[in-house]
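Colleague: what's the 3D shape of this:
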Amino acid sequence: MKKEVKIPVPARRAGYGRVYSPKLLANNTIKSRKSVYISREAFDIALGIVNIFPEKGMSLSGYIDAIVKHHFEFYKVEINRLYERELQKLTNKKLIE
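Modeller: Model prediction:
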């Protein structure tokens, strides 16, 4: 039986994420890697979560990768809107007036 971890739902996203996504707790193999630094606090929390689900076989880096991908998918519309706005600013700006 799969464990479900309940998390609080942000007010602006009511109805979404009431049950922690199983995709975040899956064994996520990363084939091509890059280094990144996170705060000690974020590291400790993420490691604690990975360690309470040893049967999932997930790694800390795989879990963090899943969180980042989930964030991109969750905020896709907002990220694209910000990207387009900033790109628009760059393309309308003249190098020399």
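Colleague: N28 falls within a helix, correct?
Modeller: No: note on N28: no helix contains this position according to DSSP: H, G, I helix; E, B strand; the rest coil, which reports coil.
Colleague: got the contact list for the residue lying closest to it once chain neighbours are set aside?
Modeller: Closest residue in space to N28, ignoring its immediate chain neighbours: G62 at 3.5 Å, by CB to CB, 6 or more residues apart in numbering. No exception for glycine: its C-beta is placed from N, CA and C like everyone else's. Contacts for G62 were tallied using CB atoms under 8 Å, 6 or more residues apart in numbering; they are N27, N28, T29, I30.
Colleague: Let's see the PyMOL selection covering just the buried ones among those residues.
Modeller: For anyone working in PyMOL, the buried entries among these, judged by 16 or more other CB atoms under 10 Å, can be selected with:
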select buried, resi 28
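Colleague: May I see the contacts of G62 organised as a markdown table, with distance to E73 added?
Modeller: Compiled in a markdown table, those are given as follows (distance: CB to CB, whole Å):
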| residue | distance to E73 |
| --- | --- |
| N27 | 19 |
| N28 | 14 |
| T29 | 19 |
| I30 | 17 |
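Colleague: Between the contacts of G62, which sits nearest R81?
Modeller: Using CB to CB, N28 is the member of the contacts of G62 that lies nearest R81, at 27.7 Å.
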